[in-house]
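Engineer: The sequence isn't on hand, but the structure is:
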């Protein structure tokens, strides 16, 4: 059999979201990439073959302003526009289209890598090539490259290369993790197969196969929620095999999971307990969705302490926010709850040192196999987090290749270069400033036609009884004076208002109480004022807590001011076994908020916020916001230099409302196909001599990150974006305006 040879800069093995984002991320840096996938479709567990929701740092809306940006963000936003009903085949198509759009990527589907050539001593090995078999085409292909990124999920490439790995649960004493078992174990999270149903409008019978599990003979009906309206990932708890070797026993696990699926459907259709007469079984998965197998050992092993303590890594390259989410080893048959969760107070950082092998010098990893303890892996394993780590690994491999350094040297000596490449790609970086000397905007004077100075929502759309504590998150820059709340009172009473700081710039929970004010309230409707008078040392978020008082009704507003959100305090369930892990605060009044007036002007939306700062909310909204377009109908943001600059490219980062929790197959629905906060129409103008000339135009926009390479270099002393229209917001919002020269 003739072996074909493919030589490229970077070889990515695995076409799940980690692999897709790694390949695209590297290709956009100019590297030539081979993307090798052993299935006929891209997407891994998110594909139409498995159909798992893509979850990430928002934790289904638990964390605020947490949605991923970069390639994962592109996929979310474009899928929302194209695929509002969550069709899994449209999701497949979007992934394929994104990969095929990159000329630097060569895609090899149905190609199973089974051989790895590596050499060197055990503590300093290097991969020379990987070889795969393309089924259907009967082609044996050898892939050579400078770097290899293992996004296979199961970690096969690194394993065959001799990379140091971990499996199962580490003992508690190893990392001092309270959720680790006292003794090491081989148990892992199990695999899952899902099924879809459809109402066909006329009676349908179902004859169960003899191998279907008799659900009534198990504890499943007592321990798990079953409804005839459930579909797909509603049945995430159909899990089994964690006590086995989830790779070696994959087919045994598949058979058991399918038997459970058919047994559950037989129970729904034929037990007489459900209204399912016209329901038909539409789809049953044939590929088990694996949760866990090998994890590689990098120069840093992420632990429970890093997740819950939100460790501030200097070499951060991404973030997570999903809870530490661990499942009972018995899976679907377990008597315990299907999962237990411990949420950090906000998003946590992940270092680049967790994305490369400590003993294979040119092996990167992303996805389920990164360097993390079993407990920390319980959070990092969700697919949007895997995706942003894939992009980070892809950009990291490309930057390391461009600099001619190893992954370890990149992490030790070249983090600024990595951060700048990631910032320019709009990757999911949290708390990293744009300090790129190539960005000409950093040396410009920044002005705008207007900016939002006051925060207020005064038009009432209804009332809610203050029978639970409410919290209003406000950006504070430079100070917070008084806050007024619109209420109705049944009788004379008082409103207790507390001011809390949040602890970390990415957090939105009350952490430390600054002061408490008891404001008298007269019967009837009134604006109740609380003088909070807080001037923190640096710009940050504040949480204004309205303490429970059933004699009061708080008015709902007709809009949400930028950078603000309203949360509701939830009572601890009486059967909650782990109160220290319960998340008490969750967003409420989504898309509305409460009626309030902040008494102090804010600097949070000045034009300077769009240059050289953060590219996502961190200690505040981190963007320029114009005045209302009724007052400033064509707002503009401008850069001006003391002397003409030679400009070759302009980047604009727009606000796509990172607090809107999107998902690919629709665990929940978002009403708007396009994020209303995005600029829809704008023109980009440069001042050449004494005249402004249009150099680019934004039309029918639904994207966050817009790049405009200029066909010919342009010498100009000023540059501006003139916003003509938005997708619904009454203000223009720009996160970043950047200009680059040679």
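Structural biologist: Structure's in. What do you need? Everything quoted here is computed from the prediction, not taken from an experiment. Numbering: from 1, shown residues only.
Engineer: Name every strand pairing with the helix or strand hosting residue 482 and say which way it goes.
Structural biologist: Using DSSP states H and E, residue 482 sits in strand 480-489. Here strand 480-489 has these sheet partners by DSSP bridges: strand 524-534 (antiparallel), strand 552-557 (antiparallel), strand 596-598 (antiparallel).
Engineer: Check which element follows the longest one along the chain.
Structural biologist: Yep, that's strand 524-534 we're talking about. With DSSP H and E, the next secondary element past strand 524-534 is strand 540-546.
Engineer: now swap in the last one and tell me
Structural biologist: Scanning forward in sequence from strand 596-598, with DSSP H and E defining helices and strands, the next element found is strand 624-625.
Engineer: helices or strands next to that next one in the packing?
Structural biologist: strand 733-740 (3 or more Cβ pairs under 8 Å, 6 or more residues apart in numbering; DSSP states H and E). Placement of C-beta: from N, CA and C, glycine included.
Engineer: what's the offset of the strand it packs on from the middle of its chain?
Structural biologist: In terms of Cα atoms, centre = their mean, to the nearest Å, the gap separating the centre of strand 733-740 from the centre of its chain is 22 Å.
Engineer: What of stretch 532-548?
Structural biologist: Taking Cα atoms, centre = their mean, one finds the center of stretch 532-548 at 27 Å from the center of the full chain.
Engineer: picking up where we left off before, deepest-packed of the strands paired with strand 480-489, please.
Structural biologist: Across the strands paired with strand 480-489, averaging neighbours per residue (mean count of other Cβ atoms under 10 Å) puts strand 552-557 on top, at a mean of 23.
Engineer: what residues does it touch?
Structural biologist: Strand 552-557 has contacts (Cβ atoms under 8 Å, 6 or more residues apart in numbering) with 457-466, 470, 485-490, 493, 495, 521, 546, 589, 592-596.
Engineer: for that strand, the distance to its chain's centre please.
Structural biologist: 32 Å.
Engineer: same check, this time on stretch 609-629
Structural biologist: With Cα atoms, centre = their mean, you get 20 Å for stretch 609-629.
Engineer: just the helices in the stretch 351-500 of the chain please.
Structural biologist: For the stretch 351-500 of the chain, applying DSSP state H, counting those that start in this stretch gives helices covering 374-380, 383-403, 407-413, 415-424.
Engineer: and among those helices, the most buried is which?
Structural biologist: Scoring the helices of the stretch 351-500 of the chain by mean count of other Cβ under 10 Å, the most buried comes out as helix 383-403, with a mean of 28.
Engineer: rewinding a little: same list (the strands paired with strand 480-489) but as a markdown table, adding distance to residue 631 and mean pLDDT.
Structural biologist: Shown next, in a markdown table, are those (distance: least, Cβ to Cβ, whole Å; pLDDT from 0 to 100):
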| stretch | distance to residue 631 | mean pLDDT |
| --- | --- | --- |
| strand 524-534 | 23 | 97 |
| strand 552-557 | 19 | 97 |
| strand 596-598 | 18 | 98 |
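Engineer: and residue 214, which of those strands is closest to it?
Structural biologist: Among the strands paired with strand 480-489, the nearest to residue 214 by Cβ to Cβ is strand 552-557 (49.6 Å).
Engineer: what's the angle between the strand holding residue 482 and strand 540-546?
Structural biologist: 30 degrees (axes from the mean of the first three to the mean of the last three Cα atoms, to 10 degrees).
Engineer: count of neighbours near residue 336?
Structural biologist: 12 (other Cβ atoms under 10 Å).
Engineer: Just to be sure, it is in a strand?
Structural biologist: No - checked against DSSP: H, G, I helix; E, B strand; the rest coil, residue 336 lies outside a strand; its state is coil.
Engineer: on that earlier part again, now tabulate the helices of the stretch 351-500 of the chain in a markdown table and tack on distance to residue 255.
Structural biologist: Listed next are the helices of the stretch 351-500 of the chain as a markdown table, based on distance: least, Cβ to Cβ, whole Å:
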| stretch | distance to residue 255 |
| --- | --- |
| helix 374-380 | 26 |
| helix 383-403 | 25 |
| helix 407-413 | 40 |
| helix 415-424 | 43 |
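Engineer: can you tell me which of those comes nearest to residue 583?
Structural biologist: helix 374-380 (13.7 Å).
Engineer: what's that closest one in contact with?
Structural biologist: Taking Cβ under 8 Å, 6+ apart as the rule, helix 374-380 contacts 166, 168-170, 175, 177, 179-180, 188-189, 292, 295, 301-304, 306-307, 320-326, 344, 348, 350, 368, 370, 372, 385-386, 389.
Engineer: Domains in this structure, by residue range?
Structural biologist: Following automatic domain parsing, the chain resolves into domains at 3-169+295-324+333-424, 191-284, 440-451+605-740, 456-598.
Engineer: May I see those organised as CSV, with distance to residue 434 added?
Structural biologist: Output for the domains of the chain, formatted as CSV (distance: least, Cβ to Cβ, whole Å):
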stretch, distance to residue 434
domain 3-169+295-324+333-424, 5
domain 191-284, 37
domain 440-451+605-740, 5
domain 456-598, 16
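Engineer: Return the most buried member of those.
Structural biologist: Most buried of those by mean neighbour count (mean count of other Cβ under 10 Å) is domain 3-169+295-324+333-424; its value is a mean of 22.
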